[in-house]
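>>> Compute the structure for the input listed below.
(2 chains)
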There are 2 protein chains.
Amino acid sequence: MRAGPSQEEIRRHNLGALLRHVHLGGPTSRAELTSRMGLNRSTIMALTSDLTAAGLVREELPRETGRAGRPSLVVRPESSRVYVFAFDVGPDRLAAARVGLGGVILDRRESVRRRGAFDLEEVVGALAAFARQMHRKTRADTVCVGAAAAVSGGVDRSDGVVRYGPNLLQAEAPFGEALARKLGLGLQVSVGNDANLGALAEHTRGVGVSVRDLIYLHGDVGVGGGVIAGGHLLGGHEGFGGEVGHMVVHPGGRLCGCGSHGCLEAEVGERALLEAAGRTTEGPLGRDAVRAVVDAADRGDIVAQAALSRVGDWLGLGVANLVNIFNPEMVIFGGMLREVYLGSAAQVRSRLAIDALPAHREKLRLRTSELADDATLVGAAELAFAHVLADPLEALARVGG
Amino acid sequence: MRAGPSQEEIRRHNLGALLRHVHLGGPTSRAELTSRMGLNRSTIMALTSDLTAAGLVREELPRETGRAGRPSLVVRPESSRVYVFAFDVGPDRLAAARVGLGGVILDRRESVRRRGAFDLEEVVGALAAFARQMHRKTRADTVCVGAAAAVSGGVDRSDGVVRYGPNLLQAEAPFGEALARKLGLGLQVSVGNDANLGALAEHTRGVGVSVRDLIYLHGDVGVGGGVIAGGHLLGGHEGFGGEVGHMVVHPGGRLCGCGSHGCLEAEVGERALLEAAGRTTEGPLGRDAVRAVVDAADRGDIVAQAALSRVGDWLGLGVANLVNIFNPEMVIFGGMLREVYLGSAAQVRSRLAIDALPAHREKLRLRTSELADDATLVGAAELAFAHVLADPLEALARVGG
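Okay, here's the model as predicted:
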């Protein structure tokens, strides 16, 4: 119901649209931008010149066009100058990266975390130390334009506070605020749900590029989800949308951490698989333990095969439900569900054949995450860049770039 | 990634936005439009004058403002001049309405249908006859700008063909095309899923006005759903989105028409309730039979109470799953589920308390459909008006208005 935009709003929109083109698509010639954006050459030239003056892009002669005539200048993002900090708080690791405009990972740090309770000060301290180490190594003319973190659990969109989660046992954790303070760079830290950010990452830079309706399933200790519907991340009323791990698929089934029984997370999560495979959850946990079960099944271990078959059956039922509800074009398995799916694809597909409506599954593609363990980190970087792409000059002005 | 709009696109956008204001909000003063749309007075005047010249709105002096000074003219939709035809193909009825701009039902026809197979020619013939009857009664200066129909089942967005459905046994029914031909008014007939259109109706004119994230559950013979996510109808890749009736809530449960077991539809649909209440499904079916069970439970009939409790339990589980997945602000019960929910609200709520995540249910509102049996018809009218609101002058030009 809003009115159309003013001339200045259009210019800012166009600056963001052009920057988004080269951020997501890489170096692009002016001629291509002219045709893709449907604007005339002089407008593209003016926009490029504004972005160049701001230090966000630069123009270069292309290498070799093979064509006659004056070549069109190529616009490329200033990846080594303009960057964000991206953080990932996983159950087994803390990761931080310096990511340049265009999505280039310029530098990264990672440390192994002990499972268990989440100590806000400890986590925030470790991540900030990573960022400071990386910051110290940057050249003087670089500019940090944003920061964002991926966490498991429900992040309230209104204030970025983690309202609930499997690891962040103290709910109401003011995680973003605490990390921003500790960083001391004068930057806000956006916070997003890890599976939501994984969905965003696969949609912008992974297996789901140009797929407007997809579901990304992320397994760790728990199972999370991120849904891209009509090209947009499903947020829900408060930002908790996509929490598919707590869809009950087996009423009266295994006890879930949320207090309910038979949630998808309880039936296909790490613990369900390891227990079904007869591996005590006293031993090593995490991705390696899951891989060990899949490898054992590959080698003919009957117990491991039965465990994967059981978990794959529930996973297939969960996916069938989501396929009926969302009619996605693609479902992507990430985190430990990547391994689980690879080890149980036949079971998942046979459950889909029974429980998903034929019209919904006919054109469906099942895929594994392309970005693998980087998905959540890459998604956090995209979240951190979001305000720059929405209004590049305003965002730069705010950080004094 | 698209470029900003041109001046002419902005004007067309603004014409549509202004028309949408008065279509949804009713008569509105120029002063209010100026402030709500964020445009200046002369722009509003120019837009109003264009829409008046096209015969879509008219301007009037307000009755009594109670304020000093020259009163602002009120812009009202030309409801009696500009209209659409809306159709609803339900399991028990065929309905058609002539709906004026602004959502006023000007005329309507309805007939009872026998349950069972769907005869394309018969249904199309009856609906076209209704439309012709209503058309004959219109004045010469009226103009029909569109037509749309609500059907149960999956409607392919690409061609409007009904790909599957409980009643439309011949899948691939070219329903919209056949109805358009039979109408002979030179109009295309858009086709939408009944529950999707019910969601749209409650979102634009019912209990969900200004609610950006809602789920509408529609019960008839089957159970359908429509999801408004972030203010937009969830369509999915091919338009089948929102098919929540085939979410499996009870693996190994009751056989569903789709071939699977324990779908929400199989556990809470009309047949499940009537059978649980010990009423043979040989007797009368439909809304009256459902109401009879709820009334009996109200009067203390233990079997009816147990039936509602059982169905309410599965309904609660289904709603809990949807609340976890979508984090909606509101869930609306429509069709026969309105009765079922009213008769089992305690059971639904107690299941939600167990299976829905606390953060997701804290601010959740459960409501019954405000538009009741008109929801699908009202939604069809909104679908028929959609292209007029998107570009009023272009739409009028197409019908020679």
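
>>> number of nearby residues for A:Val112?
Residues near A:Val112, counting by other Cβ atoms under 10 Å in any protein chain shown, number 9. The way it works is simple: take the backbone N, C-alpha and C, and place the C-beta from them, glycine included.

>>> which ones are touching the spatially closest residue to it that is not a sequence neighbour?
Distance criterion Cβ to Cβ, 6 or more residues apart in numbering or on different chains; nearest residue to A:Val112, sequence neighbours excluded, is A:Arg93 at 5.8 Å. Taking Cβ atoms under 8 Å, 6 or more residues apart in numbering or on different chains, we find A:Arg93 in contact with A:Glu110, A:Ser111, A:Val112, A:Arg113.

>>> Am I right that the last one is in contact with A:Asp88?
No: counting by Cβ atoms under 8 Å, A:Asp88 is not a contact partner of A:Arg113; they are 10.8 Å apart.

>>> which one of those two has more residues nearby?
A side-by-side neighbour count of A:Arg113 and A:Asp88, using other Cβ under 10 Å, places A:Asp88 first with 27 against 18.

>>> Which residues are in contact with whichever residue of the stretch 301-401 of chain A sits closest to chain B?
Distances from the stretch 301-401 of chain A to chain B, computed as Cβ to the nearest Cβ, single out A:Asn327 as the nearest residue at 2.7 Å. By Cβ under 8 Å, 6+ apart, the residues touching A:Asn327 are A:Asp213, A:His360, B:Gly235, B:Gly236, B:His237, B:Glu238, B:Gly239, B:Phe240, B:Gly241, B:Glu243.

>>> could you measure the nearest residue to A:Val82 once chain neighbours are set aside against chain B, distance?
Closest residue to A:Val82 apart from its sequence neighbours, by Cβ to Cβ, 6+ apart: A:Leu101 at 4.3 Å. Distance, A:Leu101 to chain B, using Cβ to the nearest Cβ, to the nearest Å: 16 Å.

>>> give me the number of residues near A:Leu101?
When neighbours are counted by other Cβ under 10 Å, A:Leu101 registers 27.

>>> Check A:Ile302 too.
Using other Cβ under 10 Å, A:Ile302 has 9 neighbouring residues.

>>> Likewise for the one 4 residues further on?
Residues contacting A:Ala306 under the criterion other Cβ under 10 Å number 14.

>>> Helix, strand, or coil at the residue of the stretch 51-200 of chain A found nearest chain B?
Across the stretch 51-200 of chain A, no residue is closer to chain B than A:Arg163, which sits at 4.6 Å (Cβ to the nearest Cβ). Of the three states, A:Arg163 takes strand under DSSP: H, G, I helix; E, B strand; the rest coil.

>>> How about the residue of the stretch 301-401 of chain A closest to chain B, nearest residue that isn't a chain neighbour?
Spatial nearest neighbour of A:Asn327, excluding adjacent residues (Cβ to Cβ, 6+ apart): B:Gly236 at 2.7 Å.

>>> distance of that neighbour from A:Glu243?
According to Cβ to Cβ, to the nearest Å, B:Gly236 stands 19 Å off from A:Glu243.

>>> Looking only at neighbour counts, state which of those two leads.
Neighbour comparison, B:Gly236 and A:Glu243: the larger count goes to A:Glu243, with 30 against 24 (by other Cβ under 10 Å).

>>> ok, the residue lying closest to that one once chain neighbours are set aside - how many residues close by?
Using Cβ to Cβ, 6+ apart and skipping residues adjacent in sequence, the residue nearest A:Glu243 is B:Asn324, 5.0 Å away. Neighbours of B:Asn324 under the rule other Cβ under 10 Å: 28.

>>> need the next SSE after the helix or strand that B:Asn324 is a member of, C-terminal direction.
If you go by DSSP states H and E, B:Asn324 is part of helix B:302-326. Along the chain past helix B:302-326, the next helix or strand (assigned with DSSP H and E) turns out to be strand B:330-335.

>>> Given that following strand, what are its sheet partners and their directions?
Pairing partners of strand B:330-335, with direction, according to DSSP bridges: strand B:214-219 (parallel), strand B:365-368 (parallel).

>>> hmm, back to that, didn't the residue nearest to A:Glu243 look like it was pressed against A:Val249?
No: judged on Cβ under 8 Å, B:Asn324 makes no contact with A:Val249 at a distance of 11.6 Å.

>>> Which members of the contacts of A:Arg93 define the maximum pairwise distance?
The largest separation in the contacts of A:Arg93, counting by Cβ to Cβ, is between A:Glu110 and A:Arg113 at 9.9 Å.

>>> Now do the shared contacts for these two.
Shared contacts of A:Glu110 and A:Arg113, counting by Cβ under 8 Å, 6+ apart, come down to A:Arg93, A:Leu94.

>>> how close does A:Val84 get to A:His387?
Between A:Val84 and A:His387 the distance is 10 Å, computed by Cβ to Cβ.

>>> same question, A:Ala276
Per Cβ to Cβ, A:Ala276 is found 45 Å from A:His387.

>>> elements contacting the least confident helix or strand in chain A by mean pLDDT?
Every helix and strand of chain A was ranked by mean pLDDT, DSSP states H and E. The lowest is strand A:162-164, at a mean of 86. Counting contacts by 3 or more Cβ pairs under 8 Å, 6 or more residues apart in numbering or on different chains; DSSP states H and E, strand A:162-164 packs against strand A:154-155, helix B:358-361.

>>> Could you tell me how far it lies from the centre of the chain?
Strand A:162-164 has its C-alpha centroid displaced from the chain centroid by 18 Å (Cα atoms, centre = their mean, to the nearest Å).
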